[in-house]
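A.B. asks: Coordinates only, no sequence provided:
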């Protein structure tokens, strides 16, 4: 577990990147830190491995303050993946991946075994890729190497700074899926910085939403969507995300009846179960009603608020059969 | 032309001695130049606010006409090869220094950030990342310095340090063009030869992953 206790960071030019931030990153969970650029999310992450030091406050890893720890030793015990990948172009893939084990002076055969194991983990055939150089690989392959390089020293904590943002959309989706599967297997404590809400909601167990050096909300993706703490979080998540759920929007209300359990509070707008989700959203918005009464002929099937619709969207994305 | 070959044969010993002297002067000057400029380049790449003044000073040295520099040094250091060497070293500094600095500062920041974040010490970053990636630049600087030095070393004759300049100077004084050529041609060959060797080394020094 990583715990920030009232951490403030003031840079030399006077800007306050973090203002009295207290937050916990639970063990074995992937926590996404999200916010607009300049919100302090990267600074927050870089404090965990002492690439930045707090102006005030303290950070604890498993309840042990990191202030007194040697920064080089600390960094070797924490995986680190950066946005621009940062592979060493003059080293082979094997040398790149084995960097931390070599710094930790692992025996050679253990290091070699580890490299093969890791490359296989991300679907890069060791025999083919070990001897290659980074520039001979595609962007997606390079970042796979970047990810396993962070895993090489078998760290409990991994820091990822917008690792997939420089990739093309297809590779990005692929790596997000891979990371989620990988996390099932390796169960690390991951701090994942991103500015992409879709990405955060897709891969994270918990999401920390930041703005102007402060934390606006911490919660599971579902909590965030169903109960945004304030206008900022709502706008940061809401409309764009819902609009992007095109395929979901094309589906009909009656397919989701089982998860619409809400009771109406106030006036409800009557719609047919055949109504598409997108249309249901816009009807709710334009009519000013807070609930939909979903009917099949004369029979009332369910009541649903806009939150219920969002919940349905999220469940659908989690792959739950509805 | 025949005259030229006759000269080569008749002055063979003299030319050979001058040739070896010339190589010695150039080689020692470049070696000491590297010994000074390479570490300095590494240091100013780390403490960048000193980079401009340091490079500036070596650039000013470079602008002093070479004949004049040899002239300035004689009253201070007297005549002989130390004086010639010092002048040659001064000229060799700038290309090596500037290329070392440019090479190191030109290394992609993300690789250094990655190294730091993974727990490499500053020395490990310098030795395992910055220097290997800057090596092609550094080698190019050494090449430039070497060719430059081989040329300027002909002036060593004016401070009594010998070299192929001796032959050229004698030829000029005695209006013997064949002798001038017998001194100048080896200088050119030497410069080209060094350049080719260093080019080969430069190619070998380029990290494999950086060649397409």
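C.D. replies: Thanks, I have it. Please read these numbers as outputs of a predicted model, since none were measured by experiment. Numbering: from 1, shown residues only, chains lettered A, B, ... in the order given.

A.B. asks: tell me, how many neighbours does the closest residue to residue A:94 other than its chain neighbours end up with?
C.D. replies: Leaving aside its chain neighbours, residue A:94 sits nearest to residue A:130 (4.3 Å; criterion: C-beta to C-beta, 6 or more residues apart in numbering or on different chains). Just so you know, the C-beta spots here come from the backbone N, C-alpha and C atoms, and that holds for glycine as well. Burial of residue A:130 is recorded as 18 neighbouring residues (other C-beta atoms under 10 Å in any protein chain shown).

A.B. asks: Wait, residue A:130 touches residue A:117, no?
C.D. replies: No - in this structure, residue A:130 sits apart from residue A:117 without contact. The criterion is C-beta atoms under 8 Å, and the distance is 12.0 Å.

A.B. asks: contacting residues around the closest residue to residue A:10 other than its chain neighbours?
C.D. replies: If the residues on either side of it in the chain are set aside, residue A:10 comes closest to residue A:55, at 4.5 Å by C-beta to C-beta, 6+ apart. Taking C-beta atoms under 8 Å, 6 or more residues apart in numbering or on different chains as the definition of contact, the neighbours of residue A:55 are A:8, A:9, A:10.

A.B. asks: where's residue B:73, which helix or strand?
C.D. replies: Secondary structure here is read from DSSP states H and E; on that basis residue B:73 sits in helix B:66-77.

A.B. asks: packing partners for that helix?
C.D. replies: With contacts defined as 3 or more C-beta pairs under 8 Å, 6 or more residues apart in numbering or on different chains; DSSP states H and E, helix B:66-77 has these neighbours: helix B:81-105.

A.B. asks: close to chain A, is the helix it packs on?
C.D. replies: No - Helix B:81-105 lies apart from chain A when judged by C-beta under 8 Å from any C-beta of the partner chain; the minimum separation is 12.7 Å.

A.B. asks: what is the rounded mean pLDDT of that helix?
C.D. replies: What helix B:81-105 shows for mean pLDDT is 92.

A.B. asks: between the helix ranked longest in chain B and helix B:81-105, how many degrees?
C.D. replies: Among the elements of chain B assigned as helix by DSSP state H, the one spanning the most residues is helix B:12-46. In terms of direction (axes from the mean of the first three to the mean of the last three C-alpha atoms, to 10 degrees), helix B:12-46 departs from helix B:81-105 by 40 degrees.

A.B. asks: buried ones in helix B:12-46?
C.D. replies: Neighbour-count burial for helix B:12-46, counted by 16 or more other C-beta atoms under 10 Å in any protein chain shown, picks out B:15, B:18-19, B:21-26, B:28-30, B:32-34, B:36-38, B:40-42, B:44-45.

A.B. asks: same check, this time on stretch A:23-42
C.D. replies: A:23-25, A:29-35, A:39-42.

A.B. asks: Out of those residues, name the ones that lie in helices.
C.D. replies: Per DSSP H, the buried residues of stretch A:23-42 map to helices at A:41, A:42.

A.B. asks: Sitting in strands, which of the buried residues of stretch A:23-42 do you find?
C.D. replies: Under the assignment DSSP state E, the buried residues of stretch A:23-42 contribute A:23, A:24, A:25, A:30, A:31, A:32, A:33, A:34 to strands.

A.B. asks: I'd like the distance between the first one and residue A:279.
C.D. replies: Between residue A:23 and residue A:279 the computed distance is 39 Å (C-beta to C-beta, to the nearest Å).

A.B. asks: Over to residue B:105?
C.D. replies: Taken as C-beta to C-beta, the span from residue B:105 to residue A:279 is 58 Å.

A.B. asks: re the thing from before, between the contacts of residue A:55, which is closest to residue A:122?
C.D. replies: Set against residue A:122, the nearest of the contacts of residue A:55 by C-beta to C-beta is residue A:9 (33.5 Å).

A.B. asks: Backbone dihedrals for the closest one, please?
C.D. replies: phi -130, psi 120 (degrees, to the nearest 10).

A.B. asks: Next up, the contacts around it.
C.D. replies: A:16, A:17, A:18, A:40, A:43, A:47, A:52, A:54, A:55, A:213.

A.B. asks: Restrict these to the buried ones and give me that as a ChimeraX selection.
C.D. replies: When burial is assessed using 16+ other C-beta under 10 Å, the buried subset of the contacts of residue A:9 is captured in ChimeraX by this command:
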select /A:17,18,40,43,47,52,54,213
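
A.B. asks: Which of the contacts of residue A:9 fall within helices?
C.D. replies: Filtering the contacts of residue A:9 for membership in helices, criterion DSSP H, returns A:43, A:47.

A.B. asks: ok so, going back, got the buried residues of stretch A:23-42 as JSON lines, with distance to chain B and pLDDT columns?
C.D. replies: As requested, the buried residues of stretch A:23-42 are arranged in JSON lines below (distance: C-beta to the nearest C-beta, whole Å; pLDDT from 0 to 100):
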{"residue": "A:23", "distance to chain B": "21", "pLDDT": "93"}
{"residue": "A:24", "distance to chain B": "22", "pLDDT": "93"}
{"residue": "A:25", "distance to chain B": "17", "pLDDT": "94"}
{"residue": "A:29", "distance to chain B": "21", "pLDDT": "92"}
{"residue": "A:30", "distance to chain B": "19", "pLDDT": "93"}
{"residue": "A:31", "distance to chain B": "18", "pLDDT": "94"}
{"residue": "A:32", "distance to chain B": "19", "pLDDT": "94"}
{"residue": "A:33", "distance to chain B": "16", "pLDDT": "95"}
{"residue": "A:34", "distance to chain B": "21", "pLDDT": "93"}
{"residue": "A:35", "distance to chain B": "21", "pLDDT": "90"}
{"residue": "A:39", "distance to chain B": "20", "pLDDT": "90"}
{"residue": "A:40", "distance to chain B": "18", "pLDDT": "90"}
{"residue": "A:41", "distance to chain B": "16", "pLDDT": "91"}
{"residue": "A:42", "distance to chain B": "11", "pLDDT": "92"}
